[in-house]
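> Need a 3D model of the following:
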Amino acid sequence: MAAAALLALLAVPLLLLLLLLFGGARRLRRARSRPGGSRALPRGVRALVVTAHPDDESLFFAPALLGLRRAGAAPAVLCCSAGNYYNQGEIRKKELEQSCCVLGIPASDVTVIDHRDLPDNPAAEWDTHLLATIVLEHIEAKNINLVVTFDAGGVSGHTNHISLYSAVRYLHSERKLPEGCRVLVLESVNLLRKYISFLDVPISCLLPGDALFILSEEETEQAKRAMRCHRSQLLWFRRLYVLFSRYMVVNSLRLL
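Residues are numbered from 1 along each chain as shown. So this is what the prediction gives:
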């Protein structure tokens with residue numbers, strides 16, 4: 001009886017906290033959907049979002065891609081493998097183009113690297129210098145002044161994601177990037193925050209960071225439509241991810 005009474009007492013403040021988070025998150029998302037609601041970016045941003053596999057752009061970076069477009073930038077996507085782990089590379093390339101189209105990125109701004117030394121494999125650590133060379137070539141060719149990629153945690157801990165961070169960090173630390181080119185890395189969060197969807201919005205707003213992209217409800221549906229283009233990857237656990245992941249709603253990023 002005492003335990004039941006204690007649980008009942010704890011349930012009330014917990015419910016109130018959830019309601020406050022829910023209401024705050026919805027208000028913040030509506031505010032972000034209005035002009036000027038997102039954190040301002042300087043004019044003339046030419047962004048390159050560097051991903052490891054087809055579907056990373058919608059699973060992890062949709063808020064950044066849509067937020068950059070909302071701010072007047074025209075982001076390009078550089079995907080560093082064809083996602084051929086299950087011999088589906090050609091299918092996944094087409095799915096990537098379809099997904100990017102839904103996100104407002106034309107096929108001309110989508111590049112897939114299909115290099116034998118950069119296999120889609122969670123056990124493969126990609127060569128930092130090879131990857132850095134490839135990324136730098138695209139930065140220079142497209143006159144990029146903002147690079148967006150994974151942080152040291154890779155969001156999911158995938159080795160290929162972390163390899164991207166290592167390569168871009170190398171370019172940054174060795175001062176090989178063009179003058180004025182900045183790097184934003186996508187923040188990896190703990191498991192609880194990762195799967196509370198838009199309830200993470202007020203938390204992300206309160207924590208320090210260098211860039212924050214929050215999607216409106218309409219934009220979140222757009223991100224979900226983009227992910228649904230990756231039909232070959234829509235296994236049950238990815239469907240759950242799309243429903244519950246904060247990365248379908250919010251991206252918090254830090255400068256290197």
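> just how off-centre is stretch 132-143 within its chain?
20 Å (CA atoms, centre = their mean, to the nearest Å).
> Give the buried residues for that stretch.
132, 134-136, 138-139 (16 or more other CB atoms under 10 Å). The way it works is simple: take the backbone N, C-alpha and C, and place the C-beta from them, glycine included.
> can you list the weak-confidence ranges in this structure?
Scanning the chain for pLDDT under 70 picks out 1-43.
> residue nearest the centroid of it?
By CA atoms, centre = their mean, the chain has its centre lying nearest to Phe61, at 2.2 Å.
> which non-adjacent residue is nearest it?
Val49 (5.3 Å; CB to CB, 6 or more residues apart in numbering).
> re the thing from before, the residue nearest to the centre of the chain contacts Leu186, correct?
Yes. Phe61 is in contact with Leu186 according to CB atoms under 8 Å; the separation is 6.8 Å.
> Need the residues touching each of these two.
Residues touching both Phe61 and Leu186 (CB atoms under 8 Å, 6 or more residues apart in numbering): 148, 251.
> just checking, what packs against whichever strand or helix holds Phe213?
Element membership for Phe213 (DSSP states H and E) is strand 211-214. For strand 211-214, the packing partners by 3 or more CB pairs under 8 Å, 6 or more residues apart in numbering; DSSP states H and E come out as helix 2-33, helix 62-70, helix 200-206, strand 250-255.
> for the second one, which positions count as buried?
In this case it means helix 62-70. For helix 62-70, by 16+ other CB under 10 Å, it's 62-70.
> Make JSON lines from these and add distance to Leu118 to it.
As requested, the buried residues of helix 62-70 are exported to JSON lines (distance: CB to CB, whole Å):
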{"residue": "Ala62", "distance to Leu118": "23"}
{"residue": "Pro63", "distance to Leu118": "26"}
{"residue": "Ala64", "distance to Leu118": "22"}
{"residue": "Leu65", "distance to Leu118": "22"}
{"residue": "Leu66", "distance to Leu118": "27"}
{"residue": "Gly67", "distance to Leu118": "28"}
{"residue": "Leu68", "distance to Leu118": "25"}
{"residue": "Arg69", "distance to Leu118": "27"}
{"residue": "Arg70", "distance to Leu118": "31"}
